[in-house]
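Participant: Kindly generate the corresponding structure for this input.
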Amino acid sequence: MNCGRSGRPGAFGDTVSADLASGRAVDLAELYALDAVTDEERRAIDQYISAAPAAERDSFYERVRQSRETLTRTFKVEEEPPADLFNRIVAQLPAQSLAQDARRDLGVPAPSAGSPTAAAADSSDELAKARQRREERRRPAGARRWLAGIAAAAAIALGGVGVGSYFADQNDPLNQVVRAGDLREASVDVAGGGTATVQISSSKDAVVVRMKDVPAPPEGKVYQMWLIPKDGSAPVSQGLMDAEALSKPAVVEGISSAAALGITVEPVGGSESPTLPTVAAAPLNA
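Facilitator: Presented below is the predicted three-dimensional model:
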(Lines give C-alpha, C1' and ligand atoms only; values in the text may rest on other atoms or scores of the structure.)
Protein backbone atom coordinates (compact mmCIF):
# COMPACT_ATOMS: atom_id res chain seq x y z
CA MET A 1 0.00 0.00 0.00
CA ASN A 2 1.24 3.45 -0.83
CA CYS A 3 1.70 5.23 2.49
CA GLY A 4 2.36 8.74 1.26
CA ARG A 5 5.35 10.93 2.02
CA SER A 6 5.78 9.90 5.64
CA GLY A 7 6.03 6.20 4.90
CA ARG A 8 3.13 5.27 7.17
CA PRO A 9 -0.51 4.49 6.41
CA GLY A 10 -3.34 6.91 7.00
CA ALA A 11 -4.96 9.93 5.43
CA PHE A 12 -2.75 12.32 3.49
CA GLY A 13 -3.38 15.14 5.95
CA ASP A 14 -2.01 13.03 8.80
CA THR A 15 1.51 13.86 7.62
CA VAL A 16 1.14 17.57 8.44
CA SER A 17 1.81 17.24 12.16
CA ALA A 18 4.66 14.82 11.48
CA ASP A 19 6.28 17.22 9.01
CA LEU A 20 6.04 20.11 11.46
CA ALA A 21 7.48 18.00 14.26
CA SER A 22 10.45 17.04 12.10
CA GLY A 23 11.10 20.58 10.82
CA ARG A 24 9.84 19.99 7.27
CA ALA A 25 7.28 22.78 7.17
CA VAL A 26 8.57 23.99 3.80
CA ASP A 27 7.39 20.69 2.28
CA LEU A 28 3.84 21.70 3.19
CA ALA A 29 3.91 24.98 1.26
CA GLU A 30 2.08 23.64 -1.80
CA LEU A 31 -0.73 22.09 0.25
CA TYR A 32 -1.02 25.34 2.21
CA ALA A 33 -1.17 27.36 -1.02
CA LEU A 34 -3.89 25.10 -2.47
CA ASP A 35 -5.96 25.28 0.72
CA ALA A 36 -5.66 21.50 0.97
CA VAL A 37 -5.24 21.57 4.75
CA THR A 38 -7.82 21.78 7.51
CA ASP A 39 -8.34 24.92 9.60
CA GLU A 40 -6.54 23.24 12.48
CA GLU A 41 -3.59 22.26 10.29
CA ARG A 42 -3.41 25.78 8.83
CA ARG A 43 -3.27 27.26 12.34
CA ALA A 44 -0.51 24.83 13.28
CA ILE A 45 1.47 25.73 10.14
CA ASP A 46 0.98 29.47 10.74
CA GLN A 47 2.13 29.12 14.34
CA TYR A 48 5.22 27.16 13.31
CA ILE A 49 6.18 29.52 10.47
CA SER A 50 5.71 32.64 12.61
CA ALA A 51 8.40 31.35 14.99
CA ALA A 52 10.67 29.82 12.34
CA PRO A 53 14.05 31.27 11.34
CA ALA A 54 13.84 33.99 8.71
CA ALA A 55 15.43 31.84 5.99
CA GLU A 56 12.96 28.99 6.52
CA ARG A 57 10.02 31.39 6.71
CA ASP A 58 11.05 33.16 3.50
CA SER A 59 11.52 29.84 1.70
CA PHE A 60 8.05 28.69 2.79
CA TYR A 61 6.29 31.85 1.60
CA GLU A 62 8.23 31.83 -1.69
CA ARG A 63 7.03 28.31 -2.45
CA VAL A 64 3.48 29.33 -1.52
CA ARG A 65 3.71 32.25 -3.95
CA GLN A 66 5.11 30.10 -6.76
CA SER A 67 2.38 27.48 -6.32
CA ARG A 68 -0.40 30.06 -6.44
CA GLU A 69 1.10 31.75 -9.50
CA THR A 70 1.33 28.39 -11.29
CA LEU A 71 -2.34 27.67 -10.64
CA THR A 72 -3.37 31.18 -11.64
CA ARG A 73 -1.63 30.79 -15.00
CA THR A 74 -2.89 27.32 -15.80
CA PHE A 75 -6.39 26.89 -14.37
CA LYS A 76 -9.62 28.86 -14.89
CA VAL A 77 -12.11 28.56 -12.05
CA GLU A 78 -15.07 28.67 -14.40
CA GLU A 79 -13.93 25.50 -16.12
CA GLU A 80 -15.39 22.27 -14.81
CA PRO A 81 -12.97 19.36 -14.32
CA PRO A 82 -13.08 16.53 -16.87
CA ALA A 83 -16.04 14.23 -16.29
CA ASP A 84 -13.84 11.18 -15.73
CA LEU A 85 -11.25 12.88 -13.51
CA PHE A 86 -12.62 11.52 -10.24
CA ASN A 87 -12.56 7.94 -11.55
CA ARG A 88 -9.01 8.35 -12.89
CA ILE A 89 -7.74 9.55 -9.52
CA VAL A 90 -9.60 6.87 -7.55
CA ALA A 91 -8.10 4.20 -9.81
CA GLN A 92 -4.60 5.22 -8.65
CA LEU A 93 -5.34 5.19 -4.93
CA PRO A 94 -4.93 2.15 -2.67
CA ALA A 95 -8.26 0.35 -2.23
CA GLN A 96 -7.76 -0.13 1.51
CA SER A 97 -7.16 3.58 2.09
CA LEU A 98 -10.28 4.48 0.10
CA ALA A 99 -12.45 2.18 2.20
CA GLN A 100 -11.01 3.59 5.43
CA ASP A 101 -11.50 7.19 4.25
CA ALA A 102 -15.08 6.53 3.20
CA ARG A 103 -15.94 5.06 6.61
CA ARG A 104 -14.33 8.03 8.33
CA ASP A 105 -16.26 10.52 6.16
CA LEU A 106 -19.51 8.81 7.03
CA GLY A 107 -18.74 8.35 10.71
CA VAL A 108 -19.30 4.60 10.34
CA PRO A 109 -17.24 2.31 12.61
CA ALA A 110 -15.18 -0.42 11.00
CA PRO A 111 -17.24 -3.63 10.61
CA SER A 112 -16.46 -6.43 13.01
CA ALA A 113 -14.75 -9.48 11.63
CA GLY A 114 -17.07 -12.10 10.23
CA SER A 115 -19.98 -9.71 9.75
CA PRO A 116 -21.03 -9.93 6.06
CA THR A 117 -24.17 -7.87 6.70
CA ALA A 118 -22.26 -4.97 8.17
CA ALA A 119 -19.68 -5.14 5.38
CA ALA A 120 -22.37 -5.07 2.70
CA ALA A 121 -24.11 -2.11 4.31
CA ASP A 122 -20.84 -0.21 4.57
CA SER A 123 -20.01 -0.89 0.92
CA SER A 124 -23.40 0.41 -0.20
CA ASP A 125 -23.08 3.58 1.90
CA GLU A 126 -19.50 4.15 0.76
CA LEU A 127 -20.49 3.88 -2.89
CA ALA A 128 -23.33 6.37 -2.44
CA LYS A 129 -21.03 8.78 -0.63
CA ALA A 130 -18.35 8.47 -3.33
CA ARG A 131 -20.92 9.24 -6.03
CA GLN A 132 -22.11 12.27 -4.09
CA ARG A 133 -18.56 13.61 -3.76
CA ARG A 134 -18.00 13.08 -7.47
CA GLU A 135 -21.11 15.09 -8.35
CA GLU A 136 -20.00 17.91 -6.04
CA ARG A 137 -16.64 18.04 -7.80
CA ARG A 138 -18.38 18.47 -11.13
CA ARG A 139 -20.18 21.63 -10.03
CA PRO A 140 -18.51 25.03 -10.68
CA ALA A 141 -18.95 25.92 -7.01
CA GLY A 142 -16.71 22.99 -6.12
CA ALA A 143 -13.74 24.20 -8.16
CA ARG A 144 -11.63 25.10 -5.13
CA ARG A 145 -12.33 21.75 -3.45
CA TRP A 146 -11.50 20.02 -6.72
CA LEU A 147 -8.08 21.66 -6.89
CA ALA A 148 -7.34 20.75 -3.29
CA GLY A 149 -8.36 17.16 -3.94
CA ILE A 150 -6.14 16.99 -6.98
CA ALA A 151 -3.21 18.24 -4.91
CA ALA A 152 -3.59 15.54 -2.27
CA ALA A 153 -4.34 12.77 -4.76
CA ALA A 154 -1.41 13.72 -6.97
CA ALA A 155 1.02 13.62 -4.06
CA ILE A 156 -0.27 10.20 -2.93
CA ALA A 157 -0.35 8.71 -6.41
CA LEU A 158 3.13 9.98 -7.22
CA GLY A 159 4.50 8.41 -4.07
CA GLY A 160 6.26 11.38 -2.53
CA VAL A 161 6.73 13.89 -5.34
CA GLY A 162 5.92 17.38 -4.06
CA VAL A 163 2.60 18.76 -5.24
CA GLY A 164 4.18 22.02 -6.33
CA SER A 165 6.81 20.19 -8.37
CA TYR A 166 4.11 18.06 -10.00
CA PHE A 167 1.98 21.05 -11.01
CA ALA A 168 5.00 23.07 -12.09
CA ASP A 169 6.23 20.27 -14.33
CA GLN A 170 2.85 19.51 -15.88
CA ASN A 171 1.50 23.04 -16.22
CA ASP A 172 4.47 25.35 -16.56
CA PRO A 173 4.07 27.35 -19.80
CA LEU A 174 7.54 26.33 -20.99
CA ASN A 175 6.77 22.62 -20.59
CA GLN A 176 3.42 23.02 -22.29
CA VAL A 177 5.14 24.48 -25.36
CA VAL A 178 8.06 22.04 -25.65
CA ARG A 179 5.72 19.04 -25.20
CA ALA A 180 3.18 20.24 -27.75
CA GLY A 181 2.44 17.88 -30.61
CA ASP A 182 2.91 20.60 -33.23
CA LEU A 183 6.29 21.85 -31.95
CA ARG A 184 8.58 23.34 -34.59
CA GLU A 185 12.16 24.46 -34.02
CA ALA A 186 14.51 26.80 -35.88
CA SER A 187 17.77 28.59 -35.11
CA VAL A 188 19.07 31.94 -36.34
CA ASP A 189 22.45 33.60 -35.93
CA VAL A 190 22.84 36.50 -33.52
CA ALA A 191 24.95 39.45 -34.61
CA GLY A 192 28.06 39.45 -32.44
CA GLY A 193 28.08 35.68 -32.01
CA GLY A 194 25.97 32.75 -30.92
CA THR A 195 22.52 31.60 -31.95
CA ALA A 196 18.90 32.07 -30.93
CA THR A 197 16.73 28.96 -31.10
CA VAL A 198 12.96 29.27 -31.22
CA GLN A 199 10.59 26.40 -30.38
CA ILE A 200 7.18 27.29 -31.78
CA SER A 201 3.76 25.84 -31.01
CA SER A 202 0.74 27.27 -32.78
CA SER A 203 -1.64 25.21 -30.62
CA LYS A 204 -0.17 26.80 -27.48
CA ASP A 205 0.11 30.20 -29.19
CA ALA A 206 3.63 30.55 -27.79
CA VAL A 207 7.31 30.29 -28.54
CA VAL A 208 10.25 29.35 -26.32
CA VAL A 209 13.44 31.34 -26.98
CA ARG A 210 16.85 29.91 -26.06
CA MET A 211 20.11 31.80 -26.48
CA LYS A 212 23.34 29.85 -26.98
CA ASP A 213 26.88 31.26 -26.89
CA VAL A 214 25.49 34.78 -27.19
CA PRO A 215 27.80 37.37 -25.59
CA ALA A 216 26.49 39.52 -22.75
CA PRO A 217 25.09 42.86 -23.92
CA PRO A 218 27.46 45.85 -23.70
CA GLU A 219 27.63 47.70 -20.38
CA GLY A 220 24.49 49.75 -19.84
CA LYS A 221 22.59 47.72 -22.44
CA VAL A 222 20.16 44.79 -22.53
CA TYR A 223 18.66 42.59 -25.20
CA GLN A 224 14.97 43.23 -25.84
CA MET A 225 12.58 40.83 -27.58
CA TRP A 226 9.80 42.01 -29.90
CA LEU A 227 6.88 40.42 -31.66
CA ILE A 228 6.62 41.86 -35.17
CA PRO A 229 2.92 41.85 -36.23
CA LYS A 230 1.80 40.42 -39.55
CA ASP A 231 -0.26 43.53 -40.30
CA GLY A 232 2.77 45.81 -40.29
CA SER A 233 1.82 47.64 -37.09
CA ALA A 234 4.38 48.62 -34.47
CA PRO A 235 6.46 45.83 -32.83
CA VAL A 236 5.36 44.82 -29.34
CA SER A 237 7.93 44.41 -26.56
CA GLN A 238 8.15 40.95 -25.02
CA GLY A 239 10.69 41.50 -22.28
CA LEU A 240 14.36 42.12 -21.60
CA MET A 241 17.36 39.83 -21.32
CA ASP A 242 20.44 40.83 -19.36
CA ALA A 243 23.61 38.76 -19.02
CA GLU A 244 22.04 36.47 -16.40
CA ALA A 245 18.81 35.91 -18.34
CA LEU A 246 20.71 34.75 -21.43
CA SER A 247 21.24 31.35 -19.82
CA LYS A 248 17.51 30.80 -19.22
CA PRO A 249 14.77 29.99 -21.74
CA ALA A 250 12.10 32.64 -22.23
CA VAL A 251 8.45 32.01 -23.11
CA VAL A 252 6.69 34.49 -25.41
CA GLU A 253 2.92 34.06 -25.67
CA GLY A 254 0.32 35.45 -28.05
CA ILE A 255 2.22 34.79 -31.27
CA SER A 256 -0.72 34.04 -33.58
CA SER A 257 -0.75 37.58 -35.00
CA ALA A 258 3.04 37.85 -35.29
CA ALA A 259 5.17 37.27 -38.35
CA ALA A 260 8.50 37.12 -36.55
CA LEU A 261 10.35 37.48 -33.26
CA GLY A 262 13.03 40.16 -33.29
CA ILE A 263 15.83 40.89 -30.81
CA THR A 264 17.50 44.28 -30.43
CA VAL A 265 20.06 45.89 -28.14
CA GLU A 266 18.51 48.62 -25.98
CA PRO A 267 19.43 50.80 -22.98
CA VAL A 268 18.92 49.24 -19.55
CA GLY A 269 15.21 49.39 -18.80
CA GLY A 270 14.28 48.81 -22.43
CA SER A 271 12.78 51.02 -25.13
CA GLU A 272 9.25 51.74 -26.30
CA SER A 273 10.22 50.96 -29.89
CA PRO A 274 13.09 48.84 -31.25
CA THR A 275 16.47 50.34 -32.02
CA LEU A 276 17.46 49.05 -35.44
CA PRO A 277 19.02 47.01 -36.78
CA THR A 278 17.92 43.86 -35.01
CA VAL A 279 20.66 41.50 -33.86
CA ALA A 280 18.41 38.50 -34.65
CA ALA A 281 15.05 37.87 -36.29
CA ALA A 282 13.27 34.52 -36.39
CA PRO A 283 10.21 33.92 -38.60
CA LEU A 284 7.36 32.37 -36.62
CA ASN A 285 4.92 31.34 -39.35
CA ALA A 286 2.34 30.87 -36.60
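
Participant: which residue ranges form the helices in this structure?
Facilitator: 15-21, 29-33, 39-51, 54-74, 85-92, 95-106, 116-138, 143-157, 163-171, 173-178 (DSSP state H).

Participant: Tell me what Ser187 is bridged to.
Facilitator: Ser187 forms beta bridges with Thr197, as assigned by DSSP bridges.

Participant: count of residues packed around it?
Facilitator: Close neighbours of Ser187, defined as other C-beta atoms under 10 Å, add up to 13. (Each C-beta comes from the backbone N, C-alpha and C, glycine too.)

Participant: and it, what does it touch?
Facilitator: Thr195, Ala196, Thr197, Val198 (C-beta atoms under 8 Å, 6 or more residues apart in numbering).

Participant: So which residues of the stretch 151-286 of the chain form strands?
Facilitator: Assigned by DSSP state E, counting those that start in this stretch, the stretch 151-286 of the chain shows strands spanning 184-189, 195-201, 206-212, 221-229, 236-241, 250-253, 258-267, 280-283.

Participant: my read: Val268 touches Gln224, true?
Facilitator: No. In this structure, Val268 is not within contact of Gln224 by C-beta atoms under 8 Å, at 10.3 Å.

Participant: so Thr195 touches Ala186, yeah?
Facilitator: No. Counting by C-beta under 8 Å, Thr195 stays clear of Ala186, with 10.1 Å between them.

Participant: where in the stretch 1-150 of the chain is pLDDT low?
Facilitator: 1-15, 70-150 (pLDDT under 70).

Participant: if we go to 50?
Facilitator: 1-13, 76-79, 96-98, 137-145 (pLDDT under 50).

Participant: And for the stretch 151-286 of the chain?
Facilitator: 155-168.

Participant: circling back to that earlier point, please say which of Val268 and Gln224 ends up with more neighbours.
Facilitator: Higher neighbour count among Val268 and Gln224: Gln224, with 25 against 11, using other C-beta under 10 Å.
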